[in-house]
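A.B. asks: Make a model of this:
(one chain, ligands or ions: 2)
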Amino acid sequence: MENSNPPLHLCHGNQLSNFINRTHTLIHSIALALLLYYRASFFFFLHDTKTPILPWLLVFAAELLLSFEWLLSQAYRWRAVSRSVFPERLPEDDKLPAIDVFICTTDPDKEPTVGVMNTVLSSMAIEYPPEKLHVYLSDDGGADVTLNGMKEAWRFAKWWIPFCNSYKIKCRAPEAYFSALEDEDDNDFGGLEFSQERRNIKEKYEVFKERVREYGRHGGDTKTTSIRSDHSAVIQVIQATFSEDGMEMNEARNMPLLVYVSREKRPSYPHHFKAGALNALLRVSGVISNSPYILGLDCDINNDIYDSQLRSAYKVLWQGFDGLQGPCLSDNILWVSPRSSLNPSSQITSLARSSGGNAFLAETQLLASCTYENGTKWGKRQVGLLYGSVSEDYFTGFVSLHCKGWNSILFDPPRPQFLGSGITNLNDLLVQGTRWSSGLLDVALSKFCPLIYGPFKTSLLESMLLCRTCNFPTLLFLVTVGALLLYLSWANSMAFLYTRVILLALSSAFFLDLQAHHFRNLIYEQRIWMMKSITSHLYGSVDAFMKKIGMRKASFVPTNKAEDNEQMKRYKIGGLRFPNISTVSHSTGLHWSS
Ligand SMILES: O=c1ccn([C@@H]2O[C@H](COP(=O)(O)OP(=O)(O)O[C@H]3O[C@H](CO)[C@@H](O)[C@H](O)[C@H]3O)[C@@H](O)[C@H]2O)c(=O)[nH]1
Ligand SMILES: [Mn+2]
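C.D. replies: Residues are numbered from 1 along each chain as shown. Ligands and ions are numbered 1, 2, ... in the order given. The predicted structure is shown next:
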């Protein structure tokens, strides 16, 4: 696709803001240098015996830390870019490359099946030639309720996809579509036929939801509906098993391929959480469709009091990433990656060739087994998603893609291309924040620490940026403590210099943030920033250090996507709810007693 002529996208340097940012960096560096010079000179020639040395040292350390964090973060501001895209220049359908969509789920209680199936349905309904679209769902919970949900989703998709195609519906996740206001663009077809058809599909959607929920409540005859952690691999191509439904072959041809994959799990084998699930998908899809491109999605962004859209990251910082080598993989946005960047095809295609026709499914069982990775490049972190950090998206993006010369680009269109559920309570926010902090610090504490591993493989700016990204939780916690110390030293003759340094730092953040969104959001974000800095960033950092010295095992607590009515009411009126600390420490797994 990259070679098509004329280009599909163009990158523009944001010249004015880059000029302002660089000038600001320069002025701020001079102010910082003067401040540090003032501190250092104290030890050499300004030292009077009246000033106690310990507080002075602490404040100096806090300033050094603040300056270091500030310096690293300049890499984001150095070359921010934006992009224009030209979808109208896409090649004809027959020249488009095939795509494998990867969706992951793990716990039907925290990730209700209807929500997961909405992701499946919207991926199946993407405006793309169906024979080139393959949707894979990885079910790490091995729950029958999910497999049954897939079959129900397939049945409903036979109505949903033609409806979306005939009326050119833009929002293709049924839940979001049906709950949107009547006057939104997708509903503006006016015609009677359309309204009837819409009502008809809505009824079918309600039936679909009810059937999925009913199965969840009562289960199938002898089936289990809960998570299983000790089971063999289950791989089912939903399309192939549905002939009993009397479906016409030509209907099947208009549907994308839908595959359910639940890899083998055994308690004695490490499963490497989401990275392990994605690697099993890479292998299984390698023998089934082997599409050259992969679209990665989580199974799950409104009144965003918990800042789950991470606007300052995705709308501001990520543009700085884009001006260098591009953002890391990140599913909160979504990623598309060439298969070859993650998975040398020689690993899988030889297997595919040795097994013909129906033997495929047996072959896929082997590929999804616990022992398959032992002694192979997969287990040795040479291919696929990398193990060793619960922020496998950042880790893989940095080590496997950017350090190996791949560039990524950020595409952030005004209309969101996928919708997800946002966080609606503080507990979930802290659980997620703790996992991210811990996963990022896993990388900073490993031999892949970007400031050591990065400069030999990527540019210095890129390494600074990646280093800031993986150290930010710990740095932010320390910076917050440092800032308090600085506040205590406020009444000092050098107050004018501090004021200058702090105001300049803030003005930069506010200027950049205000470019992207509204004042109210800014307040929400600053509030969450402070809360996370002294809670989840701290917990996550402690967690990572404890894992490093072998006192804790890695864990991946998924965020809760199930709606709670009481909580939703409070969330909608913008009320924060503070969980008690033992709930948080329990759900983040950070408690000291056994
Ligand atoms: O053992 C596991 C644990 C999780 N998941 C799936 O991983 C995804 C991410 O989990 P989620 O609870 O949604 O966490 P988030 O904090 O929203 O995820 C962000 O952070 C994760 C790293 O911590 C990345 O893996 C995700 O891509 C990124 O969106 C979900 O689809 C889960 O079902 C698995 O498949 N297996
Ligand atoms: Mn998620």
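A.B. asks: which residues touch Leu72?
C.D. replies: Under the criterion of C-beta atoms under 8 Å, 6 or more residues apart in numbering, the neighbours of Leu72 are 464-465, 467-468, 471, 475. Placement of C-beta: from N, CA and C, glycine included.
A.B. asks: these two touch, right, Phe178 and Lys202?
C.D. replies: Yes: counting by C-beta atoms under 8 Å, Lys202 is a contact partner of Phe178 at 5.6 Å.
A.B. asks: Overlap of the contact sets of the two?
C.D. replies: Between them, Phe178 and Lys202 share no contacting residue, judged by C-beta under 8 Å, 6+ apart.
A.B. asks: Could I get the contacting residues of the closest residue to Gln432 other than its chain neighbours?
C.D. replies: Nearest in space to Gln432, with sequence neighbours left out and distances taken as C-beta to C-beta, 6 or more residues apart in numbering, is Thr559 at 4.8 Å. If a contact means C-beta under 8 Å, 6+ apart, then Thr559 has 110, 300, 423, 428, 431-432 as its contacts.
A.B. asks: sec struct for Thr559, please.
C.D. replies: coil (DSSP: H, G, I helix; E, B strand; the rest coil).
A.B. asks: got the phi/psi numbers for it?
C.D. replies: When read as degrees, to the nearest 10, the backbone of Thr559 gives phi -70, psi 150.
A.B. asks: Return the distance of it relative to ligand 2.
C.D. replies: Distance, Thr559 to ligand 2, by C-beta to the ion, to the nearest Å: 6 Å.
A.B. asks: What of Ala562?
C.D. replies: If you go by C-beta to the ion, the gap between Ala562 and ligand 2 works out to 13 Å.
A.B. asks: Select the longest helix from this protein.
C.D. replies: In the chain, ranked by residue count with DSSP state H as the criterion, the top helix is helix 460-488.
A.B. asks: Quick one: mean pLDDT over that helix.
C.D. replies: When pLDDT is averaged over helix 460-488, the result is 79.
A.B. asks: what helices or strands is that helix leaning on?
C.D. replies: Helix 460-488 makes packing contacts with helix 53-78, helix 426-444, helix 450-457, helix 519-534, helix 536-548 when contacts are defined by 3 or more C-beta pairs under 8 Å, 6 or more residues apart in numbering; DSSP states H and E.
A.B. asks: To Tyr37, which of the ones you listed lies closest?
C.D. replies: Each of the helices and strands packed on helix 460-488 was checked against Tyr37 via C-beta to C-beta, and the shortest separation belongs to helix 53-78, namely 11.4 Å.
A.B. asks: The helix or strand just after that closest one pairs with which strands, and in what direction?
C.D. replies: Past helix 53-78, further along toward the C-terminus, the next helix or strand under DSSP states H and E is strand 81-85. Take DSSP bridges as the rule and strand 81-85 pairs in its sheet with strand 9-13 (antiparallel).
A.B. asks: List the buried residues of the strand it pairs with.
C.D. replies: Burial within strand 9-13, assessed by neighbour count using 16 or more other C-beta atoms under 10 Å, is assigned to no residue.
A.B. asks: just stretch 87-104 next, same as before
C.D. replies: Within stretch 87-104, the residues scored as buried using 16+ other C-beta under 10 Å are 98-104.
A.B. asks: Next: stretch 538-550.
C.D. replies: By neighbour count with 16+ other C-beta under 10 Å, stretch 538-550 contains the buried residues 538-544, 547.
A.B. asks: ok, those residues vs Trp159, which is closest?
C.D. replies: Using C-beta to C-beta, the buried residues of stretch 538-550 come closest to Trp159 at Gly540, 44.4 Å.
A.B. asks: buried stuff in the helix or strand harbouring Phe178?
C.D. replies: Assessed by DSSP H and E, Phe178 sits inside helix 174-179. Within helix 174-179, the residues scored as buried using 16+ other C-beta under 10 Å are 174-177.
A.B. asks: Let me know the distance separating Leu133 from ligand 2.
C.D. replies: Here the criterion is C-beta to the ion. By it, Leu133 lies 22 Å from ligand 2.
A.B. asks: swap in Ser463?
C.D. replies: When distances are taken as C-beta to the ion, Ser463 and ligand 2 turn out to be 27 Å apart.
A.B. asks: For that residue, give me its contacts.
C.D. replies: The contact partners of Ser463, taken as C-beta under 8 Å, 6+ apart, are 450-451, 454-455.
A.B. asks: What is the strand or helix carrying Lys202 packed up against?
C.D. replies: With elements delineated by DSSP H and E, Lys202 resides in helix 192-218, which encompasses its position. Identification of packing neighbours for helix 192-218 by 3+ C-beta pairs under 8 Å, 6+ apart yields helix 113-124, helix 144-166, helix 174-179.
A.B. asks: which one of those is the most hemmed in?
C.D. replies: Comparing the helices and strands packed on helix 192-218 by mean neighbour count (mean count of other C-beta atoms under 10 Å), helix 113-124 comes out on top with a mean of 25.
A.B. asks: any idea of the mean pLDDT in that helix?
C.D. replies: In this model, helix 113-124 has a mean pLDDT of 94.
A.B. asks: The stretch 251-400 of the chain against ligand 2: which residues are in contact?
C.D. replies: Taking C-beta under 5 Å from the ion as the criterion, the stretch 251-400 of the chain approaches ligand 2 at residues 298, 300.
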